[in-house]
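Chemist: how would this look folded up:
(4 chains)
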Amino acid sequence: MPVRVQPGDFDISSEIHALRSGRSDVGAIASFIGVMRDFNDGSGVTELTLEHYPGMTEKSLQGIVDEARSRWPLQDALVVHRIGRMLPADQIVLVVTLSAHREAALAACAFIMDYLKTRAPFWKKERTPAGERWVDARASDDDAAGRWQPGEAA
Amino acid sequence: MPVRVQPGDFDISSEIHALRSGRSDVGAIASFIGVMRDFNDGSGVTELTLEHYPGMTEKSLQGIVDEARSRWPLQDALVVHRIGRMLPADQIVLVVTLSAHREAALAACAFIMDYLKTRAPFWKKERTPAGERWVDARASDDDAAGRWQPGEAA
Amino acid sequence: MATVEILYFARLREALGVEREQLMLPAGVGTAGQLRAYLASRGGTWQTEFDPKRPVRIAVNQDLAHAGDPLADGDEVALFPPVTGG
Amino acid sequence: MATVEILYFARLREALGVEREQLMLPAGVGTAGQLRAYLASRGGTWQTEFDPKRPVRIAVNQDLAHAGDPLADGDEVALFPPVTGG
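Modeler: Residues are numbered from 1 along each chain as shown, chains lettered A, B, ... in the order given. Below you'll find the predicted structure:
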């Protein structure tokens, strides 16, 4: 199961262990954990609620993973994204990529995060001292996803 | 202690937990694990011995981490590199970077690995069915480190 | 006669006070972009939220769609702000 | 009179059969590159391993050095093949 959406927390060691299990051809494991900060866009944040679009979420994440696997020689890849309420320092998202070589694992991990940030239907609502607010998308996230387009790839 | 050289194994969850401990401003944790493959350069590999240059190893790893911290807004960074005998599927190296933003964490993690591959004094000796052999450096590793030079940065 | 199921998410769902609706497409509404314009024509908050200057994303059958993409009977159409996960 | 401590690592250590030596620098040997050339002049395996075409790295006092870098009394000089960690 390379894609999961869940309210509960995850453990990176357990996830990597499960992905690697039984394989001795893996040379590189790249991973990324997105974490809730207690500060965003100029003010303190005490709580975060993650809404998503059930059905499309899984489909879009799977599409992103499939796209990564078509671009790099990955042996496996995993995306775990949490939904619901979270507190500062909570883990939000995990991406893991396995390859024989580090370049593929690291590039695919960055690619999946960039695409997830602009394509996967998740929305964050923050609780701040001034009340609740929906997080605005960052223009830099669109730029980051754009760098993987044909003709602009590194 | 952002740099360690040790014979023993490591656990990525424990290392990340120790780095994050007490912080709620971390937004992104990028990591990389290098793993021993059972196949390299056209033949099976049953055992690996990692030799290093005590003193210079720690100094060069620390220099690489310092360089990464001067280039990106990192909150912390860790390199753990094992030495001695290893078997297929054993973990060899761990790099973890912490930042408020994913771009910095991911780029710094890739940078540290590229520099480690070309600057840190480690040498691998493989045991294969045909006997022991020293691993040759890959020209592509020099290329990878070169892409961080001034004027060529992405 | 084409009927579509429309879903609203996040800020859009809260602002409109609607989570989902079934809509029989009026004459002249055959694409994702035309549907958006039609919803804006409802006036009030609808007009504000679907103003052409607002960044609204549209998915048809759970795939991101462009304004010119056609709608068909039974389609699931979702409208939402730019995503902010990860 | 400058004396340096020379260390050999990995394939180089095995091929030469030497792990370390103290060397009083002969006249005309004042840089990392000149030391390498001097070691090659010992002939046999030394000449093979330090042939200018072979990729040998030199560190002086635990920093990677260039051929032109000067050597001083008490320096720790290490010679080794390109590194292959990670």
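
Chemist: Output the below-cut-off pLDDT ranges for the chain.
Modeler: No chain in the question, so chain A it is. Residues of chain A meeting the criterion pLDDT under 70: A:1, A:151-154.

Chemist: if you count residues, which helix in it comes out on top?
Modeler: helix A:102-119 (DSSP state H).

Chemist: what residues does the helix or strand following that helix touch?
Modeler: Where DSSP states H and E defines the elements, the next helix or strand beyond helix A:102-119 is strand A:122-128. The contact list for strand A:122-128 (C-beta atoms under 8 Å, 6 or more residues apart in numbering or on different chains) reads A:40, A:43-52, A:57, A:81, A:83, A:132-135, C:9-11, C:80-81, C:83-86. To be clear about C-beta, it is placed using only N, CA and C from the backbone, and glycine gets the same treatment.

Chemist: chain center to strand A:122-128: distance?
Modeler: Between the centre of strand A:122-128 and the centre of its chain there are 16 Å (C-alpha atoms, centre = their mean, to the nearest Å).

Chemist: doesn't C:Tyr38 make contact with C:Gln47?
Modeler: No: counting by C-beta atoms under 8 Å, C:Gln47 does not reach C:Tyr38; the two are 11.4 Å apart.

Chemist: So which of these two has more stuff around it?
Modeler: Neighbours were counted for C:Gln47 and for C:Tyr38 using other C-beta atoms under 10 Å in any protein chain shown; C:Tyr38 has more, 16 against 12.

Chemist: Can you tell me the closest non-neighbouring residue to the more buried one?
Modeler: Sequence neighbours aside, C:Val29 is the residue nearest to C:Tyr38 in space, at 4.9 Å (criterion: C-beta to C-beta, 6 or more residues apart in numbering or on different chains).

Chemist: Report the secondary structure state of the one you found.
Modeler: Classification of C:Val29 using DSSP: H, G, I helix; E, B strand; the rest coil returns coil.

Chemist: pretty sure it contacts C:Leu35?
Modeler: Yes: with contact defined as C-beta under 8 Å, C:Val29 counts as touching C:Leu35 (5.6 Å).

Chemist: anything in contact with each of those two?
Modeler: Contacts common to C:Val29 and C:Leu35, judged by C-beta under 8 Å, 6+ apart, are C:Leu71.

Chemist: which of these two has more neighbours?
Modeler: Between C:Val29 and C:Leu35, counting by other C-beta under 10 Å, C:Leu35 is the more crowded of the two (25 against 20).

Chemist: picking that back up, tell me the contacts of the residue nearest to C:Tyr38?
Modeler: C:Val29 is in contact with C:35, C:38, C:71, counting by C-beta under 8 Å, 6+ apart.

Chemist: likewise A:Ser99?
Modeler: A:26-28, A:30, A:72-75, A:105, A:108.

Chemist: and the gap between it and chain D?
Modeler: Using C-beta to the nearest C-beta, to the nearest Å, A:Ser99 is found at 14 Å from chain D.

Chemist: Now that residue, what are its backbone angles?
Modeler: Main-chain torsions, A:Ser99, degrees, to the nearest 10: phi -150, psi 170.

Chemist: That one pairs with what?
Modeler: Residues in a beta bridge with A:Ser99, per DSSP bridges, are A:Ala28, A:Leu74.

Chemist: Can you name the residue of chain C nearest chain D?
Modeler: Residue of chain C nearest chain D, by C-beta to the nearest C-beta: C:Gly86 (27.7 Å).

Chemist: List buried residues within the contacts of A:Ser99.
Modeler: A:26-28, A:30, A:72, A:74-75, A:105, A:108 (16 or more other C-beta atoms under 10 Å in any protein chain shown).

Chemist: Which residues of chain A lie near chain C?
Modeler: By C-beta under 8 Å from any C-beta of the partner chain, the part of chain A that sits against chain C consists of A:34, A:50-53, A:55-56, A:59-60, A:81, A:92-93, A:113, A:116-125, A:134-137.

Chemist: again, 6 Å this time
Modeler: Chain A comes close to chain C at residues A:34, A:51, A:53, A:55-56, A:59, A:93, A:116-117, A:120-124, A:134-135, A:137, as judged by C-beta under 6 Å from any C-beta of the partner chain.

Chemist: Among those residues, filter down to the buried ones and hand me the PyMOL syntax, if you would.
Modeler: Remark: buried members of those, expressed as a PyMOL selection using 16+ other C-beta under 10 Å:
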select buried, chain A and resi 34+51+53+56+59+93+116+117+120+121+122+123+124+134+135+137
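
Chemist: which residues touch A:Ser13?
Modeler: Contacts here follow C-beta atoms under 6 Å, 6 or more residues apart in numbering or on different chains; on that basis A:Ser13 touches B:11-13.

Chemist: is the residue of chain A found nearest chain C in a bridge, and if so with what?
Modeler: Closest residue of chain A to chain C, C-beta to the nearest C-beta: A:Phe122 (2.6 Å). Beta-bridge partners recorded for A:Phe122 (DSSP bridges): A:His52.

Chemist: And for C:Ile58?
Modeler: C:Leu79.

Chemist: For it, report the pLDDT, please.
Modeler: At C:Ile58, the predicted lDDT confidence score is 97.

Chemist: isn't it right up against C:Leu64?
Modeler: No: using C-beta atoms under 6 Å, C:Ile58 is not in contact with C:Leu64, being 7.5 Å away.

Chemist: higher neighbour count, those two?
Modeler: The neighbour comparison of C:Ile58 against C:Leu64 (other C-beta under 10 Å) goes to C:Ile58, with 21 against 18.

Chemist: how about that one, what does it touch?
Modeler: C:Ile58 sits next to C:32, C:65, C:79 when contact means C-beta under 6 Å, 6+ apart.

Chemist: Out of those residues, which comes closest to B:Ala18?
Modeler: C:Leu79 (44.5 Å; C-beta to C-beta).

Chemist: got the contact list for that closest one?
Modeler: Residues near C:Leu79 by C-beta under 6 Å, 6+ apart: C:8, C:12, C:56, C:58.

Chemist: For the chain, which segments count as strands?
Modeler: In the absence of a named chain, chain A is used. A:3-6, A:28-35, A:39-40, A:43-44, A:47-52, A:74-82, A:84-86, A:91-99, A:122-128, A:131-134 (DSSP state E).

Chemist: try again with chain C
Modeler: Applying DSSP E to chain C gives strands spanning C:3-8, C:20-24, C:57-60, C:63-64, C:76-80.
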